[in-house]
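>>> Pasted the sequence and its predicted model underneath.
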Amino acid sequence: MGLVHNVFSATAFFTVIDGHGGRAAVDYVAENLGKNIVKALENIEEHKHSDNRIEQAILGGYLVTDEEFLRKDFLRTQNDILCVFKNGSQEQFSKTKTKQGVSSGACAASVLLKDGELHAANVGDCRVVLSRNGIAEPLTNHHRLGREDK
């Protein structure tokens, strides 16, 4: 679980990340998702006229994290390919390609507490639920390819 705190007064960010196929994506999301949301929040503080600015900042933080990971992974794969062609064999390339990079992924669920309001977000099959009197109330929905709103 990650925590970014004391960025603004009365602000805290928590996330739970579930990795698939290796640690590369999990480590990257853990290191960067909160930072990217905080950057987006800093940018929206200047544009207070928008009603859904916090939600847009959270969405922007998730998108930037995804795009940066994919770009980083692409560059790492390109470097691995160059090294293999210079120094190695096809067998070495296959091991390098599937070691972490393109086979790694993550889903995440997060909560931003800002100025007394709770903002929940998720990507993939992670969900945020709130327990009220022992009853779990979903705050987010699973992302599925078949959903028309995704």
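Thanks, I have it.

>>> Show the subsequent helix or strand relative to the least confident helix or strand in the chain by mean pLDDT.
Least confident helix or strand, the chain: helix 90-99 with a mean of 46, by mean pLDDT, DSSP states H and E. Of the helices and strands lying after helix 90-99 in sequence (DSSP states H and E), the nearest is strand 105-114.

>>> For that following strand, give the mean pLDDT please.
For strand 105-114, mean pLDDT rounds to 92.

>>> in it, what's buried?
By 16 or more other C-beta atoms under 10 Å, the buried positions in strand 105-114 come out as Gly105, Ala106, Cys107, Ala108, Ala109, Ser110, Val111, Leu112, Lys114. Just so you know, the C-beta spots here come from the backbone N, C-alpha and C atoms, and that holds for glycine as well.

>>> Can you pull out the residues in contact with it?
Residues from elsewhere that reach strand 105-114, judged by C-beta atoms under 8 Å, 6 or more residues apart in numbering: 8, 10-21, 25-26, 28-29, 33, 37, 41, 54, 58, 62, 118-128, 140, 143.

>>> Kindly point out the strands partnered with it and how each is oriented relative to it.
Strand pairing for strand 105-114, determined by DSSP bridges: strand 11-20 (antiparallel), strand 117-123 (antiparallel).

>>> mind showing which ranges of the chain have poor pLDDT?
1-9, 45-51, 73-103, 144-150 (pLDDT under 70).

>>> So which residues of the protein form strands?
Taking DSSP state E, the strands of the chain run over residues 2-5, 11-20, 105-114, 117-123, 129-132, 135-138.

>>> Strand partners (parallel or antiparallel) of the fifth one?
Partners of strand 129-132 in the sheet, by DSSP bridges, are strand 135-138 (antiparallel).
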